[in-house]
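# Need coordinates for the below:
(chains A and B)
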Amino acid sequence: GAGVSQSPSNKVTEKGKDVELRCDPISGHTALYWYRQSLGQGLEFLIYFQGNSAPDKSGLPSDRFSAERTGGSVSTLTIQRTQQEDSAVYLCASSRPAYEQYFGPGTRLTVT
Amino acid sequence: EDQVTQSPEALRLQEGESSSLNCSYTVSGLRGLFWYRQDPGKGPEFLFTLYSAGEEKEKERLKATLTKKESFLHITAPKPEDSATYLCAVLYNFNKFYFGSGTKLNVKP
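Numbering: from 1, shown residues only, chains lettered A, B, ... in the order given. Reported below is the predicted structural model:
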């Protein structure tokens, strides 16, 4: 079956612009996660959705970051007024609750 | 305070030279420990889930084990195609996963 998909695969933006990153989870997976991975680093947790609600937003680095999920499916991560330190690979994963996560290929964000 | 620590950070092996990667954790109330493989430019790929101390899982040349404080990923007679970064993650409370920083494995032919 289809895996987790993310778009765009690459995004180059100028400092100060807003960006939207999209994640399409595996059908039937109610849990959805966003992570950030800087070059050569581990995964930094950003936010977790169960259905359309986000019980844990503790990882969002600042109020410039927000995320939503609609219809228990697609999720969008929005970064406003991007900064150079936002440059990273943004990974989305989905799962059945408390089960293993399946990851998308990531979106590589470069802020110039 | 680190919840999950992986060692070594990097490991170079000759083809056929067996070794082990370590993942130690400090969280209590563990609901599961997960191993992933990540190739450059790709998202992590799920390998194993372990739920309780004493549990073991195997897949080809990989074997994962779990104690109350740590997990090991044993690699037997590795091949160059096993080269990747191996990540472990622990799950506890409210479906939040904590990832280690990974072990980058390089297997030379």
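
# quick one, strands of chain A?
Using DSSP state E, the strands found in chain A span residues A:5-7, A:10-13, A:19-24, A:31-37, A:44-50, A:53-56, A:65-69, A:75-79, A:88-95, A:102-103, A:107-111.

# I'd like those as TSV, with mean neighbour count appended.
For glycine as for every other residue, the C-beta is placed from the backbone atoms N, C-alpha and C. Formatted as TSV, the strands of chain A follow (neighbours: other C-beta atoms under 10 Å in any protein chain shown):
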stretch	mean neighbour count
strand A:5-7	17
strand A:10-13	14
strand A:19-24	19
strand A:31-37	23
strand A:44-50	20
strand A:53-56	14
strand A:65-69	17
strand A:75-79	20
strand A:88-95	24
strand A:102-103	21
strand A:107-111	18
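
# Turn these into JSON lines, including distance to chain B and mean pLDDT.
Compiled in JSON lines, the strands of chain A are given as follows (distance: least, C-beta to the nearest C-beta, whole Å; pLDDT from 0 to 100):
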{"stretch": "strand A:5-7", "distance to chain B": "8", "mean pLDDT": "97"}
{"stretch": "strand A:10-13", "distance to chain B": "11", "mean pLDDT": "98"}
{"stretch": "strand A:19-24", "distance to chain B": "11", "mean pLDDT": "98"}
{"stretch": "strand A:31-37", "distance to chain B": "6", "mean pLDDT": "94"}
{"stretch": "strand A:44-50", "distance to chain B": "6", "mean pLDDT": "91"}
{"stretch": "strand A:53-56", "distance to chain B": "6", "mean pLDDT": "85"}
{"stretch": "strand A:65-69", "distance to chain B": "14", "mean pLDDT": "96"}
{"stretch": "strand A:75-79", "distance to chain B": "15", "mean pLDDT": "98"}
{"stretch": "strand A:88-95", "distance to chain B": "5", "mean pLDDT": "96"}
{"stretch": "strand A:102-103", "distance to chain B": "3", "mean pLDDT": "96"}
{"stretch": "strand A:107-111", "distance to chain B": "8", "mean pLDDT": "97"}
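
# Dump the ones you listed to TSV, plus distance to B:A10.
Shown next, in TSV, are these (distance: least, C-beta to C-beta, whole Å):
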stretch	distance to B:A10
strand A:5-7	28
strand A:10-13	27
strand A:19-24	30
strand A:31-37	17
strand A:44-50	20
strand A:53-56	31
strand A:65-69	31
strand A:75-79	30
strand A:88-95	20
strand A:102-103	22
strand A:107-111	23
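
# Sheet partners, orientation included, of the helix or strand of chain B with the lowest mean pLDDT?
Lowest by mean pLDDT, DSSP states H and E among the helices and strands of chain B is strand B:96-99, with a mean of 85. Paired with strand B:96-99 in the same sheet, following DSSP bridges, are strand B:84-92 (antiparallel).

# List the contacts of the strand it pairs with.
Here strand B:84-92 makes contact (C-beta atoms under 8 Å, 6 or more residues apart in numbering or on different chains) with A:42-43, A:98, A:101, B:3-4, B:6, B:21, B:23, B:25, B:27-39, B:44, B:47, B:71, B:73, B:97-100, B:102-105.

# I'd like the next helix or strand past the least confident helix or strand of chain B.
Heading C-terminal from strand B:96-99, the first helix or strand you meet, by DSSP states H and E, is strand B:103-108.

# which residues make contact with that following strand from outside it?
With C-beta under 8 Å, 6+ apart, strand B:103-108 has contacts from B:6-15, B:21, B:75, B:78-86.
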